[in-house]
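>>> sequence and predicted structure are below.
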Amino acid sequence: MSSFEVTWAIAKRSLILIPRVLSTFIPSLVMPVFLLIAFSGAFAGLVNLRGFPADQMLDWILPMSTLQGCAFAGVTTGLGVARDLENGFFDRLSLSPASRGAILAGPLLASVLRAFFPLVILLGLGFIAGVNLPGGFLGIVALACAGFALALVAGCWAVGMALRTKSMQVAPLIQMALFLTFFLSTALMPLELLTGWVHAIAQFNPMTSVLELARQGFLGDVAWSTTWPGLVALAGMIAVLGLFARRGLP
């Protein structure tokens with residue numbers, strides 16, 4: 001088999017496992033939906049602050065919740081690798097003639113494909129709830145690009161951690177790092193309204209640029225000036241965490 005065939009076979013297996021092991025996939029849908037509903041209601045008054053860029057909180061929270069869902073899809077794929085390491089399946093893959101690159105690329109491709117589900121579901125809920133989209137179709141494209149790329153980033157992080165620990169018990173650490181990256185950025189407030197040490201961290205957090213990329217179509221028109229910083233941030237995270245995952249292979 002070619003490397004592409006091996007990659008696709010491993011990714012396909014990960015997708016087939018979704019209905020069989022729902023406990024490793026449902027959280028990637030339930031948590032973002034919960035955050036969308038909770039934050040849109042509880043923080044609705046923030047739009048009255050001077051300088052807040054959204055007309056309603058839903059426009060601000062929906063892209064963030066969608067990105068979280070996509071990132072969780074990558075995390076659950078990494079946890080699937082940890083499960084395969086525990087039951088010995090990954091060891092059998094390592095002993096096969098397949099290239100190491102194809103064995104690693106399979107779960108990472110599955111991370112991107114799994115991100116399609118939270119992306120579609122959360123966008124659907126947003127439109128039902130009346131989200132604004134002044135950026136039109138390009139706004140959806142920007143959000144989808146950010147979501148799929150972030151799923152790959154999260155997949156690299158989760159797979160790299162799974163390969164090093166070889167245990168499902170690493171799940172809390174993987175998820176904690178993801179939450180910190182999100183909520184120490186502009187997840188809930190724009191950078192201009194943040195103060196103190198949170199502002200200092202958010203200013204240099206690459207997730208801030210990724211959120212700006214994903215949100216732009218929901219706050220106004222899609223522009224290159226708000227697109228390229230997010231693309232650069234995503235490319236950098238993919239390069240660093242991709243190398244992290246690759247070096248974790250036996």
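The structure has been received and is ready for your questions. Numbers count the residues shown, from 1 in each chain.

>>> residue contacts, the nearest residue to residue 110 once chain neighbours are set aside?
Closest residue to residue 110 apart from its sequence neighbours, by Cβ to Cβ, 6 or more residues apart in numbering: residue 14 at 3.5 Å. All C-beta spots, glycine's among them, are computed from the backbone N, C-alpha and C. The neighbours of residue 14, taking Cβ atoms under 8 Å, 6 or more residues apart in numbering as the test, are 77, 80, 106-107, 110, 114.

>>> again, only using 6 Å
Contacts for residue 14 (Cβ atoms under 6 Å, 6 or more residues apart in numbering) come out as 77, 80, 110.

>>> burial count for the last one?
Close neighbours of residue 110, defined as other Cβ atoms under 10 Å, add up to 30.

>>> next one: the second one
The tally of other residues near residue 80 (other Cβ under 10 Å) stands at 27.

>>> which strands and helices sit next to the host helix or strand of residue 30?
Using DSSP states H and E, residue 30 sits in helix 27-42. Applying 3 or more Cβ pairs under 6 Å, 6 or more residues apart in numbering; DSSP states H and E, one finds that helix 27-42 contacts helix 57-87, helix 116-129.

>>> what residues are up against the residue nearest to residue 82 when sequence neighbours are not counted?
Nearest non-adjacent residue to residue 82, counting by Cβ to Cβ, 6+ apart: residue 162, 3.8 Å away. Neighbouring residues of residue 162 by Cβ under 6 Å, 6+ apart: 78, 81-82.

>>> what of residue 181?
Residues in contact with residue 181 (Cβ under 6 Å, 6+ apart) are residue 207.

>>> try 7 Å
Residues in contact with residue 181, defined by Cβ atoms under 7 Å, 6 or more residues apart in numbering, are 205, 207.

>>> before we move on, the earlier item: from residue 189, how far off is the residue nearest to residue 110?
Residue 14 sits 36 Å away from residue 189, going by Cβ to Cβ, to the nearest Å.

>>> what's the answer for residue 56, then?
For residue 56, the distance to residue 189 - Cβ to Cβ - is 15 Å.

>>> likewise residue 196?
Look at residue 196 and residue 189: by Cβ to Cβ, they are 12 Å apart.

>>> residue 217 versus the residue most central in space within the chain, what's the distance?
In the chain, the centroid-proximal residue (Cα atoms, centre = their mean) is residue 71; its distance is 2.0 Å. Residue 71 sits 19 Å away from residue 217, going by Cβ to Cβ.

>>> tell me the helices and strands packed up against the helix or strand of the chain with the lowest mean pLDDT.
Every helix and strand of the chain was ranked by mean pLDDT, DSSP states H and E. The lowest is helix 89-95, at a mean of 83. Helices and strands touching helix 89-95, as assessed by 3 or more Cβ pairs under 7 Å, 6 or more residues apart in numbering; DSSP states H and E, are absent.

>>> contacts for the next helix or strand after it?
Counting by DSSP H and E, the next helix or strand C-terminal to helix 89-95 is helix 100-114. Residues outside helix 100-114 that contact it (Cβ under 7 Å, 6+ apart) are 3, 6-7, 10-11, 14-15, 73-74, 76-78, 80-81, 93-94, 148, 151-152, 154-156, 159, 245-246, 249.

>>> low pLDDT regions in this protein?
For the chain, the stretches flagged by pLDDT under 70 are 1, 23-24.

>>> okay, the helices and strands packed on helix 27-42 in JSON lines with distance to residue 171 next?
What follows is the helices and strands packed on helix 27-42, written out as JSON lines (distance: least, Cβ to Cβ, whole Å):
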{"stretch": "helix 57-87", "distance to residue 171": "6"}
{"stretch": "helix 116-129", "distance to residue 171": "18"}
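
>>> just name the most buried of those.
Of all the helices and strands packed on helix 27-42, helix 57-87 carries the top mean neighbour count, a mean of 25, counting by mean count of other Cβ atoms under 10 Å.
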